[in-house]
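Undergrad: sequence and predicted structure below; questions after.
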Amino acid sequence: MVLSKREKYIGICAIAAAALLAINSLVIEPYNDALSQLESQEATDKKTLSDNQLLLYRQGSLQNEWQTMLASGLDVDDSVAQSQTQQNLQLWARTAGINLDSLSSEHIPAQHGPFQVLDFNLEFNVSGSRAMREIAEMLWSIESAKIPIRLADMRVQSVKEGTDNMDVKLVVSTLYMPPKGPTESPTDLFEQMEFQ
């Protein structure tokens, strides 16, 4: 069978189109998919590297804070930790102009790792134009404390709708570290901790 010139061109174009489609589906699309996957992985790896570099940088500065915390607040005795935290909470409340209605503490069952936790429940009432400022000062004292303390829960509610008289309930937690053995030092524990 003899093909005309036109039929030869059509046949060549059809074969070329089929070859291009095959090359596209077998080579170009997988290449583009792999390239976009590599770019995504590169972005993830760059973020991980940046986070790790920040962690290493922060470890140096946190080492100093850890040593300060050990020197000023991370006690081995729960009664000392409880007393120190209560005194600080009362001082911070007075400084903020707050009269505490109640201040109680409770032990939390054993925690994972070397630390134990004490929870403190604070209740007070604030009113007037300085009410929010007093609450903010109290919270700032807790957040910027040199002892190992954190705000665990906070509830603020109005005593009566439309008034600036508010009841505030705070739960703060403090850590203490009972001795585990003579070989484990607080500095060694710091080096084993993961920062997040």
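TA: Arrived safely. Numbers count the residues shown, from 1 in each chain.

Undergrad: every contact and neighbour count from this point should use C-alpha atoms.
TA: Noted.

Undergrad: show me where this protein has its strands.
TA: 100-107, 116-126, 149-158, 166-176 (DSSP state E).

Undergrad: format these as CSV; extra columns: mean pLDDT.
TA: Shown next, in CSV, are these (pLDDT from 0 to 100):
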stretch, mean pLDDT
strand 100-107, 83
strand 116-126, 83
strand 149-158, 87
strand 166-176, 86
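
Undergrad: which one of those lies nearest to residue 43?
TA: Each of the strands of the chain has some distance to residue 43 by Cα to Cα; the shortest is strand 149-158, at 34.3 Å.

Undergrad: mind listing what's buried along the closest one?
TA: For strand 149-158, the neighbour count (16 or more other Cα atoms under 10 Å) marks 149-150 as buried.

Undergrad: partner strands of that strand, with direction?
TA: Here strand 149-158 is paired, per DSSP bridges, with strand 166-176 (antiparallel).

Undergrad: CA atoms only: put the partner strand into CSV for me.
TA: Provided in CSV are the C-alpha atoms of strand 166-176 (Å, rounded to 0.1, in the frame of the first residue of the first chain):
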residue,chain,number,x,y,z
MET,A,166,-15.8,41.7,88.8
ASP,A,167,-15.1,38.4,90.5
VAL,A,168,-11.8,36.9,89.5
LYS,A,169,-10.6,33.3,90.1
LEU,A,170,-7.1,32.3,89.2
VAL,A,171,-5.4,29.0,89.4
VAL,A,172,-1.6,29.1,89.3
SER,A,173,0.8,26.2,89.5
THR,A,174,4.3,26.1,90.8
LEU,A,175,7.0,23.4,90.5
TYR,A,176,9.2,21.8,93.0
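
Undergrad: for residue 48, give its distance to residue 30.
TA: 27 Å (Cα to Cα, to the nearest Å).

Undergrad: what's the mean pLDDT across stretch 17-37?
TA: Averaging pLDDT along stretch 17-37 yields 86.

Undergrad: make that stretch 57-75, sorry
TA: On average, stretch 57-75 scores 71.

Undergrad: please shift the residue numbers so they start at 687 in all later answers.
TA: Sounds good: first residue 687 from here, last item stretch 743-761.

Undergrad: quick check: residue 808 touching residue 789?
TA: Yes - counting by Cα atoms under 8 Å, residue 789 is a contact partner of residue 808 at 4.7 Å.

Undergrad: between these two, point out the one with more neighbours.
TA: Set residue 808 next to residue 789 and count neighbours by other Cα atoms under 10 Å: residue 808 wins out with 20 against 15.

Undergrad: so what's the more buried one bridging to?
TA: Following DSSP bridges, residue 808 is listed with bridge partners residue 789, residue 856.
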